[in-house]
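In: Give me a model of this one.
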Amino acid sequence: MNDTNLIPASSAAATPVERRSRLVRLGHWLNATHVLSIIAIVLALAAWLFTYRQTLSMNDELAKRLALFDTRSNESRILASQAQETSRELLVKIGGLEQKLTESQNQQIALEALYQELARGRDEAVVAEIEQLLVSASHELQLAGNVKAALIALQTADARLTRLDRPQLFGLRKAITKDIERLRAAPFIDVPGLALKLDGLIDLIDTLPLTPGKPAAEKKPAEKKMPDTNWWQRFAREAWGDFTHLVRVQDMEKSQLPLLAPEQAYFARENVKLRLLSARLALLARDDTNYKTDLRAAQAWMHQYYDDKDRAVKAALATLQQLSNSQTRVDVPDITGSLNAVRNLKLVPERGNR
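Out: Numbering: from 1, shown residues only. A predicted model of the protein is given here:
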């Protein structure tokens, strides 16, 4: 097909000028079309190149990102595996810690039970010690009337309770404090001091002088032995000697002290010491009646058989008079309140154990 075929049949009869103009227009149109086509092709190529470059750039970026993603994914997998491993280790450690915690809790419970048992045992030991002190104080009051010793025992018990500082023992401490105040208000008798004075007198008795004078049994000159002629003379002589020893002539008008033979002085001194020892026993037993009776008897013996003009004898008699005037028995208070409190305190754990 050629260009002439493109001219319509009606224009076959056209003039050459018209034909030329038509050809010129057609050429212009073709040129414009070619230019437009070329521009379009160029634009298309430019667009394709741009798109291609963009695609390449995007592919590179995508490849880089994919590579980075793969890297990060690998790192994530590694981290995940490490996290899983760490988690397993942590689980194992947590399990071990839980086991140790359980063991620790069991040990703590056992230690608390042991501590409570020890504390209860220590409290029971302290209560037993306090009871022993109170019983000792009660015996001192009842048997010897020793207020000072009982007061020391009660103060020791109160100090022991103060150091322990347990609320459940406050009632016992209150009862002990009341008994301490009662004992402090009681009159004090220095029994040990009185006993020491009696001991000093007992040791002094052997050194005090007796009544001066000749011994009652004078040594007679030895009789000459007569030759025994026969048995009746010997019997008569012995009978006369025995009779002369049975009869003693004494002037009762004279107020003289009896003279003691040397062998009788020992018994006089021992009798006085026995009276003083008996008074000492009565003093410790708080037997005021026998105490004063023995002291008066000892005074009477000393007035009768000892030289009351001697300074030592006068001092001994003055000491005896002072001891005789001393009060040895008072109504001492009891400590039943403290004893009942400690015994009731001991009954509480026993009832709990039942």
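
In: How is the protein partitioned into domains?
Out: 20-51, 101-187, 190-211+261-329 (automatic domain parsing).

In: Between the ones you listed, which one is closest to R343.
Out: R343 lies closest to domain 101-187 among these, at 7.1 Å (Cβ to Cβ). Just so you know, the C-beta spots here come from the backbone N, C-alpha and C atoms, and that holds for glycine as well.

In: next one: the closest one to chain centre, how far?
Out: Averaging C-alpha positions (Cα atoms, centre = their mean, to the nearest Å) puts domain 101-187 10 Å from its chain's average.

In: what's the answer for stretch 190-208, then?
Out: Averaging C-alpha positions (Cα atoms, centre = their mean) puts stretch 190-208 44 Å from its chain's average.

In: can you redo the domains of the chain as JSON lines with mean neighbour count?
Out: What follows is the domains of the chain, written out as JSON lines (neighbours: other Cβ atoms under 10 Å):
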{"stretch": "domain 20-51", "mean neighbour count": "11"}
{"stretch": "domain 101-187", "mean neighbour count": "15"}
{"stretch": "domain 190-211+261-329", "mean neighbour count": "16"}
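
In: quick one: which of those is nearest L91?
Out: Among these, the nearest to L91 by Cβ to Cβ is domain 101-187 (15.0 Å).

In: so what's R173 closest to, chain neighbours aside?
Out: L161 (4.6 Å; Cβ to Cβ, 6 or more residues apart in numbering).

In: which residues in the stretch 101-250 of the chain form helices?
Out: 147-164, 170-185, 191-205, 231-246 (DSSP state H, counting those that start in this stretch).

In: now the angle between helix 170-185 and the first one, please.
Out: Helix 147-164 and helix 170-185 meet at an angle of 150 degrees, taking axes from the mean of the first three to the mean of the last three Cα atoms, to 10 degrees as the criterion.

In: okay, helix 147-164 in CSV with CA atoms only?
Out: What follows is helix 147-164, C-alpha atoms only, in CSV (Å, rounded to 0.1, in the frame of the first residue of the first chain):
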residue,chain,number,x,y,z
VAL,A,147,13.5,-12.3,158.7
LYS,A,148,16.7,-11.0,157.2
ALA,A,149,17.5,-14.3,155.4
ALA,A,150,14.0,-14.5,154.1
LEU,A,151,14.1,-10.9,152.9
ILE,A,152,17.4,-11.7,151.0
ALA,A,153,15.8,-14.7,149.4
LEU,A,154,12.8,-12.7,148.2
GLN,A,155,14.9,-9.9,146.9
THR,A,156,17.0,-12.4,145.0
ALA,A,157,13.8,-13.9,143.5
ASP,A,158,12.6,-10.4,142.5
ALA,A,159,15.9,-9.5,140.9
ARG,A,160,15.8,-12.8,138.9
LEU,A,161,12.2,-11.9,137.7
THR,A,162,13.3,-8.4,136.8
ARG,A,163,16.1,-9.7,134.5
LEU,A,164,13.8,-12.1,132.9
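
In: Many thanks, have a good one.
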